[in-house]
Every structure is written in structure tokens, then in C-alpha cells.
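The sequence isn't on hand, but the structure is:
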């Protein structure tokens, strides 16, 4: 896991354990399990997928009890089929039981995102288009979910409003005259203090808008909700007017449509579903598993 995700992960782990334990703690385990009883359990994937989130699970275990150890058998980013042992946790059984649900919540969610991403990446195999995520992420989980996208073979779009410029239709509407809005928007974005070196991306939804945008040569143009036949025309116009500008398709992208979109020659395809619609992967913790 990238070090940049650790503060977010630590904060989420603290929140998750706090809401699970409350003040009194795990009343069931305290009542049934002697404090000195040791145990061992295995995180097992019960359906095919791509694992992501084992470092987060390890942080949950460490936060619950430093005596817990997590041995990873299948590293993050690995695809597997069928029932697969992902990692083994060992130590005081009470602590394993306390960590179980929270660790699984992280592991199931992030593995679900990685698995969904891999399906989209596989769907465009052999073509140049990169599969990217969006900002449609779970509040507080963005860096973790974008990490999971990378583990699934996808690429990250900008992390937030702070590290990239994306000029959308509502920005242009705020600038008034539509015949000059695109040029003014790109000039203002590039001139703004602190924006030096940031890529400028502009959203369009017609070929006429595309030609106007290409005149100011942004780094990226977002082609919003264009069908494949229009995307092919857009690629041809880009190749003629501004070959260095990358084209990104967005809107109406799913596992049924993404291959046809990629075959048009676009460079990037952004898919909100990678994070906002990924189902949790079926992973369980089997105690005393041999």
C-alpha cells in the first residue's frame, strides 16, 4: 500500500473499531474466551477475484492488539480463482475475534473494487485505452479505493480538486459568451498561481465544441456521453488538429460497452462504477483452519 494512504487508513481503522467496540468492548468474547487463550484463523476468499486491502487488515489487527500477527499468503493485486487462503492471523483469540469484522470490512470492500477494476481492464485488453477511476468514491475512503483500483490494474484520475484541472460545462457557463469561454477558461486555468505543471482537461459533448477546444491544445479533452461513431470522428479530428491532446471517454461506460468505446482509439476511459458500484468480495475468516 502506498505510504500516502497510511494516515487515511489509520484514521478509518480508529473510527471503525470505535463504532464497533463502543465503550464496554466485546462483551461476547470477554464472557466466553479466556484472556490467555491463543488462536489462529485464515482469511479465505470464497469467490474469484483480485485481492486488495491486506495492509489495511494488518493495521486493524495491530490496532486491536500488537500481539496479533498477520501472515500474507497472496499479496495485494493478485488474481485468484475459487476458494483461496489470503492470509493467516495468529495471537490471542479474543483479539482475533475483535478484529475480525473490521478487518473483513476493509478487505471485502477494497478487494471488490480491485475485482471490478480487473474486469474492465480485461475487457479492453490489447487496446491502448487506459481504464481510470473518478471522484465518485466513498467519503473518507478515496485514497484507499483508488489504491484498490491500481491493484486491479486500473489507473487513477486526479485524486481531488487540488491536483488537476477539469473544466466542465458549468465552469464554462459561468464565463458567459460561449464563443470565447473555452479559450478564456484554459488561459485562466494555466495562469492561476500554483497551477504550473498541472494538466488541463476540458469537457465537451459535441464535435463543434471539440474543434473549438482543440484550438487551445489542452492536455486532455473529456468526451462526455458520445456514442462510438462520434468518438471515432473525435479521434480523427484530434489527430488532425492537436495530436498531443489525449482524449478521454466518459458516460455510458459499462462492461458491455467499454470494448466498443476503446476500439474507437480514445486514450482514456473513466468509469465511475469502479468505486461507486463495486460489490464487496465474498471473504470470510475461518477459525482453527488447517
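It's in. On a predicted model such as this, the values are computed, not experimentally measured, just so you know.

Quick check: residue 41 is in a strand.
Yes - if the criterion is DSSP: H, G, I helix; E, B strand; the rest coil, then residue 41 is within a strand.

So what's the predicted local confidence for residue 184?
Looking at residue 184, its pLDDT stands at 89.

distance of it from residue 202?
Taking C-beta to C-beta, to the nearest Å as the measure, residue 184 falls 12 Å from residue 202. Every C-beta, even on glycine, is put in place using the N, C-alpha and C of the backbone.

Now residue 216. Nearest residue, chain neighbours left out?
Among residues not flanking residue 216 along the chain, residue 186 sits closest, at 4.5 Å (C-beta to C-beta, 6 or more residues apart in numbering).

The helix or strand harbouring the one you found packs against which elements?
Here residue 186, judged by DSSP states H and E, is contained in helix 178-191. Secondary-structure packing of helix 178-191 (3 or more C-beta pairs under 8 Å, 6 or more residues apart in numbering; DSSP states H and E): strand 165-167, helix 169-173, strand 200-204, helix 207-214.

mind redoing it with 7 Å?
With contacts taken as 3 or more C-beta pairs under 7 Å, 6 or more residues apart in numbering; DSSP states H and E, helix 178-191 sits against strand 165-167, helix 169-173, strand 200-204.

residues in contact with the residue nearest to residue 216?
Taking C-beta atoms under 7 Å, 6 or more residues apart in numbering, we find residue 186 in contact with 200, 202, 216, 218.

switch the cut-off to 8 Å
167, 200, 202, 216, 218 (C-beta atoms under 8 Å, 6 or more residues apart in numbering).

Same check on residue 247?
Shown in contact with residue 247 (C-beta under 8 Å, 6+ apart): 220-221, 223, 231, 234-235, 238, 265-268.

Could you rerun that using 7 Å?
By C-beta under 7 Å, 6+ apart, the residues touching residue 247 are 221, 223, 234-235, 238, 266-267.

in the helix or strand harbouring residue 16, what counts as buried?
Remark: residue 16 resides in helix 6-21, with elements defined by DSSP H and E. For helix 6-21, burial by neighbour count (16 or more other C-beta atoms under 10 Å) applies to 8-9, 12-13, 16-17.
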